[in-house]
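Enquirer: sequence first, then the predicted structure, then my questions.
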Amino acid sequence: PGTYIEDLTIDKPINLIGVADGSGQKPVIKGTGETNEGTNSVNVKLVAGSSGSVIDGLKFEAREGEQVKQWIKGTNEITYYSIMLKDAIENVRITNSTFVTDIDEPLNYHAVAIQDEVSSENTLIKDCTFDGGYYVTVQGKYNTNGLKVETSTITNAKSGINIMGGSNITVNDTYIKVIAQASANDTYAVRVGSSYPTTNAKITGGTFIVDKNGIEPAGGTYHSAIITATKAAGNLSITGATIEGEVVNLSTAILDASGNYWGTDEGPFNTSFKGTGPIVIKNWLDRNGNEVDLVSGAQKVPAPGSTGVSPNAEVKIVFPSEVQMDTTKEIAITTNGSKLSGVSAVLQEDKKTVIVTHPSFAYGTQYTVNVPGGTFKATLGEDANVQVLAEQPTSWSFTTAARPLPPPPPEEPTPPGAEEPLP
């Protein structure tokens with residue numbers, strides 16, 4: 001291992017493999033910082049003929065003022081790329097590599113770790129670590145198809161993954177934490193479809209966190225965990241992830257955001273949702289990974305599993321947000337498999353509380369409240385574009401108090417003089 005300062009152009013399939021030293025240090029690759037791609041600078045450029053190349057076990061450095069020159073709008077618009085897929089190549093693998101920059105002002109020094117310039121197919125980025133103030137960390141420009149980012153980590157960048165156009169994008173089990181830089185500049189963990197048609201994007205697992213850095217975005221600007229932009233289409237989903245930041249859908253396609261942990265056990269109700277595109281949340285995860293939906297996560301009275309319940313106890317469901325109720329669905333109370341008659345459910349004026357009226361319960365009996373799937377939904381988002389559903393049936397049970405014992409019989413009166421001792 002050592003440090004290599006050189007700009008490389010790869011025009012045939014190669015295996016660029018680094019071997020770590022005894023302390024685990026990888027070989028370091030740095031570019032010259034000289035312009036070699038228009039006004040920009042590229043460290044490793046893969047061009048036509050390089051399909052199937054493998055880059056593994058290397059450390060790419062992008063140092064402010066050394067490789068990365070100051071970016072000045074209209075005067076010196078230079079961006080530094082550690083790796084660029086310049087032409088329409090296929091099956092490039094970038095694995096087990098580290099990308100580091102010491103930039104702390106990404107708006108003044110533009111660096112991109114990996115750039116697909118046009119029409120790559122099936123690029124794999126796996127087990128890579130990216131740290132520092134990259135302007136964008138991984139970017140697909142014109143027509144990125146089949147890109148897969150897996151088990152990688154991105155920290156301290158302005159933005160994480162940006163797919164401007166393409167198809168069949170997947171991000172699996174990847175940790176991304178980004179930091180907003182200015183009110184007029186977007187910041188995001190993942191953004192797809194920002195400039196050109198982008199069909200099908202699937203995010204599974206991982207963590208997506210936005211540090212807003214005390215900055216309020218200007219109108220039309222977003223500091224968000226996930227952005228599906230105007231050109232996104234097809235099947236769009238994020239599931240099994242931890243999301244700590246707002247979610248934005250600017251497209252007309254449905255974004256399925258089911259099965260995620262939203263940073264608290266309250267689910268998505270404290271999350272900011274923006275855009276007018278439809279977002280569907282069928283369920284979410286609590287901090288222990290348990291699946292929860294709108295009804296199963298609501299407060300229930302009497303509490304599930306409670307005992308000693310009064311025969312005249314109030315039965316109700318209290319939601320964390322206003323809900324809509326499908327009155328064609330029947331909420332039932334059963335005991336021993338038989339439904340009670342005289343049961344009805346009414347959504348109260350606060351739109352959060354449902355009172356279930358019932359006849360008096362019998363003593364010492366277990367009752368079960370059954371809520372059919374699809375009875376309730378909640379609408380969130382600044383444009384009411386988020387539907388929180390409860391498609392699965394939910395039930396809970398409680399047991400009434402035992403019948404009170406009858407009062408003891410009154411004591412027999414003592415006969416007169418009986419209390420006096422005999423002589």
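Expert: Alright, I've got the coordinates.

Enquirer: surely Gln366 and Ser397 touch.
Expert: Yes - using Cβ atoms under 8 Å, Gln366 is in contact with Ser397, at 5.7 Å. In short, each C-beta sits where N, CA and C put it, glycine included.

Enquirer: spit out the contact partners of Ile55.
Expert: Residues near Ile55 by Cβ atoms under 8 Å, 6 or more residues apart in numbering: Leu16, Val44, Ile83, Val92, Arg93, Ile94, Thr95, Ser97.

Enquirer: output these in TSV, with secondary structure and distance to Arg287 appended to each entry.
Expert: TSV is the format used below for those (DSSP: H, G, I helix; E, B strand; the rest coil; distance: Cβ to Cβ, whole Å):
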residue	secondary structure	distance to Arg287
Leu16	strand	42
Val44	strand	41
Ile83	strand	37
Val92	coil	38
Arg93	strand	35
Ile94	strand	33
Thr95	strand	32
Ser97	coil	33
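
Enquirer: by neighbour count, which of those residues wins?
Expert: Ile94 (29 neighbours; other Cβ atoms under 10 Å).

Enquirer: show me what that residue bridges to in the sheet.
Expert: Ile55, Ile125 (DSSP bridges).

Enquirer: let me know the pLDDT of it.
Expert: Reading off the confidence values, Ile94 has pLDDT 98.

Enquirer: gap between it and Lys26?
Expert: 13 Å (Cβ to Cβ, to the nearest Å).

Enquirer: what about this structure, any weak spots by pLDDT?
Expert: Applying pLDDT under 70 to the chain flags residues 1, 414-423.

Enquirer: need the helices for it, in chain order.
Expert: Counting by DSSP state H, the chain yields no residue ranges for helices.

Enquirer: and the residue nearest the centre of it?
Expert: Ile243 (3.3 Å; Cα atoms, centre = their mean).

Enquirer: for that residue, what are its contacts?
Expert: Phe208, Ala225, Ile226, Ala257, Asn260, Tyr261, Trp262, Gly263, Thr271.

Enquirer: and of those, the nearest to Ala157?
Expert: Distance to Ala157 across the contacts of Ile243 (Cβ to Cβ) is lowest for Phe208, with 12.4 Å.

Enquirer: which residues touch that closest one?
Expert: Here Phe208 is in contact with Gly160, Ile176, Ala189, Val190, Ala225, Ile226, Ala241, Thr242, Ile243, Glu244, Gly245 (criterion: Cβ under 8 Å, 6+ apart).

Enquirer: for the second one, give the beta-bridge partners.
Expert: It refers to Ile176. Applying DSSP bridges to Ile176 gives these bridge partners: Ile154, Phe208.

Enquirer: counting neighbours, what do you get for it?
Expert: Neighbour count for Ile176, taken as other Cβ under 10 Å: 29.

Enquirer: same check, this time on Asn40
Expert: 16.

Enquirer: what sits against the residue lying closest to Leu58 once chain neighbours are set aside?
Expert: Of all residues not flanking Leu58 in the chain, Gly18 sits nearest, at 4.1 Å (Cβ to Cβ, 6 or more residues apart in numbering). By Cβ under 8 Å, 6+ apart, Gly18 lies in contact with Pro1, Lys26, Pro27, Asp56, Gly57, Leu58, Lys59, Ser97.

Enquirer: which of those fall within strands?
Expert: Asp56, Lys59 (DSSP state E).

Enquirer: quick one: which of the contacts of Gly18 is nearest to Thr9?
Expert: Of the contacts of Gly18, the one sitting nearest to Thr9 (Cβ to Cβ) turns out to be Leu58, at 16.4 Å.

Enquirer: from Thr123, how far off is that closest one?
Expert: For Leu58, the distance to Thr123 - Cβ to Cβ - is 16 Å.

Enquirer: cool, and Asn15?
Expert: 16 Å.

Enquirer: those two: which has the busier surroundings?
Expert: Thr123 (23 against 10).

Enquirer: surely Val171 touches Ile161?
Expert: Yes - Val171 sits in contact with Ile161 when judged by Cβ under 8 Å, with a separation of 6.4 Å.

Enquirer: shared neighbours, the two?
Expert: Taking Cβ under 8 Å, 6+ apart as the criterion, Val171 and Ile161 both touch Val149, Val190.

Enquirer: Lys344 is in contact with Val356, isn't it?
Expert: In this structure residue 344 is Ser, not Lys. Yes - contact criterion Cβ under 8 Å: Ser344 and Val356 qualify, at 7.4 Å.

Enquirer: which of the two has more residues huddled nearby?
Expert: For Ser344 versus Val356, neighbours defined as other Cβ under 10 Å are more numerous around Val356 (18 against 11).

Enquirer: burial count for the nearest residue to that one once chain neighbours are set aside?
Expert: Nearest non-adjacent residue to Val356, counting by Cβ to Cβ, 6+ apart: Val315, 4.1 Å away. Val315 sits with 21 neighbouring residues when counted by other Cβ under 10 Å.

Enquirer: do you know how far Val315 is from Thr242?
Expert: Going from Val315 to Thr242 by Cβ to Cβ gives 35 Å.

Enquirer: now do Gln299
Expert: 24 Å.

Enquirer: also Ser119?
Expert: 33 Å.

Enquirer: now Asn145
Expert: Asn145 is 28 Å from Thr242, by Cβ to Cβ.

Enquirer: looking at the two, which has the bigger crowd around it?
Expert: Neighbours were counted for Asn145 and for Thr242 using other Cβ under 10 Å; Asn145 has more, 21 against 17.

Enquirer: in the sheet, which residues pair with that one? Tell me.
Expert: Glu121, Ser167.

Enquirer: start and end of stretch 68-82, how far apart?
Expert: Using Cα to Cα, to the nearest Å, one end of stretch 68-82 lies 10 Å from the other.

Enquirer: can you check stretch 192-204 too?
Expert: Stretch 192-204: ends 15 Å apart by Cα to Cα.

Enquirer: spit out the contact partners of Asn36.
Expert: So Asn36 contacts Asp7, Val42, Lys45 (Cβ under 8 Å, 6+ apart).

Enquirer: do that again at 10 Å, thanks
Expert: Asn36 makes contacts with Asp7, Thr9, Val42, Asn43, Lys45, as judged by Cβ atoms under 10 Å, 6 or more residues apart in numbering.

Enquirer: tell me how far it lies from Tyr4.
Expert: 16 Å.

Enquirer: before we move on, what about Thr153?
Expert: Distance, Thr153 to Tyr4, using Cβ to Cβ: 24 Å.

Enquirer: ok, now Ala303?
Expert: Taken as Cβ to Cβ, the span from Ala303 to Tyr4 is 65 Å.
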